[in-house]
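Participant: Next come a sequence and a model predicted from it.
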Number of protein chains: 2
Amino acid sequence: MYAIIVYDVGEERVSRVCKYLRRFLNWVQNSAFEGELSAGQMERIKAGLGDIIETEEDSIYFYVARDKKWLKKEVLGQDKNLMDSIL
Amino acid sequence: MYAIIVYDVGEERVSRVCKYLRRFLNWVQNSAFEGELSAGQMERIKAGLGDIIETEEDSIYFYVARDKKWLKKEVLGQDKNLMDSIL
């Protein structure tokens, strides 16, 4: 499956969430990640993030397409993905 | 089409981008919007945002599915959408 994950978490948890997601997905932007995941990885990510976030305050959205082909992506302005791969 | 829009723009432009997108879409989170758009609305949004952002610094991602049914959405933690509709 192809997933886009956007998060809005307390400042003190941003870097942990970000580091955790980087293990599985491509960092796209500020608070968004995307990439191909297996069902097992998706479960692992949810469990892992569940341990990190405060469910009363934080919010993580998963948008999942069965196949990447169902999603078209366009970028206005900078494509941070490229910059990330240079870093 | 169903669109998810995530943005990462200079702090001084955040509120203008946010206000602009609210005219067309549901605010989901911090820097993400989603909703049903016509092709015409999508073009209008791109043009409108193009006038607001600094293309050398800012970055806006559009993930578009032809139909919402191709996208599954799950939320971990708070569903800010609900809070937004209460405000």
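Facilitator: Ah, there it is.
Participant: could you pull out the helices for chain A?
Facilitator: For chain A, the helices identified by DSSP state H occupy A:11-22, A:39-52, A:80-86, in order along the chain.
Participant: any chance of the ones you listed in CSV, plus mean pLDDT, distance to A:K68 and mean neighbour count?
Facilitator: Every C-beta, even on glycine, is put in place using the N, C-alpha and C of the backbone. Rendered in CSV, the data for those read as follows (pLDDT from 0 to 100; distance: least, CB to CB, whole Å; neighbours: other CB atoms under 10 Å in any protein chain shown):
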stretch, mean pLDDT, distance to A:K68, mean neighbour count
helix A:11-22, 94, 18, 14
helix A:39-52, 96, 15, 14
helix A:80-86, 54, 14, 11
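Participant: I'd like the ones you listed as a markdown table, with distance to A:D58 appended.
Facilitator: A markdown table is the format used below for the helices of chain A (distance: least, CB to CB, whole Å):
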| stretch | distance to A:D58 |
| --- | --- |
| helix A:11-22 | 7 |
| helix A:39-52 | 9 |
| helix A:80-86 | 22 |
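Participant: Just give me the residue right at the centre of chain A.
Facilitator: A:F33 (3.0 Å; CA atoms, centre = their mean).
Participant: Tell me how far that residue lies from A:Y7.
Facilitator: 8 Å (CB to CB, to the nearest Å).
Participant: shared neighbours, these two?
Facilitator: Among the neighbours of A:F33, those also in contact with A:Y7 (CB atoms under 8 Å, 6 or more residues apart in numbering or on different chains) are A:L21.
Participant: residues in contact with the closest residue to A:D8 other than its chain neighbours?
Facilitator: Of all residues not flanking A:D8 in the chain, B:N30 sits nearest, at 3.8 Å (CB to CB, 6 or more residues apart in numbering or on different chains). Applying CB under 8 Å, 6+ apart, one finds that B:N30 lies in contact with A:V6, A:D8, A:S31.
Participant: what does chain A put close to chain B?
Facilitator: If contact is defined as CB under 8 Å from any CB of the partner chain, the residues of chain A in contact with chain B are A:4, A:6-9, A:28-32, A:34, A:46, A:49-50, A:53-66, A:70-80.
Participant: A:V28 - how many residues pack around it?
Facilitator: Residues contacting A:V28 under the criterion other CB atoms under 10 Å in any protein chain shown number 24.
Participant: wait, doesn't it sit right on B:Y7?
Facilitator: No - taking CB atoms under 8 Å as the contact criterion, A:V28 and B:Y7 are not neighbours in contact, 11.2 Å apart.
Participant: Now for the two: what residues contact both?
Facilitator: Shared contacts of A:V28 and B:Y7, counting by CB under 8 Å, 6+ apart, come down to B:Y61.
Participant: From the residues of chain A next to chain B, list the buried ones, please.
Facilitator: Burial of the residues of chain A next to chain B was assessed by neighbour count (16 or more other CB atoms under 10 Å in any protein chain shown); the buried members are A:4, A:6-9, A:28-32, A:34, A:49, A:53, A:58-65, A:71, A:76-78, A:80.
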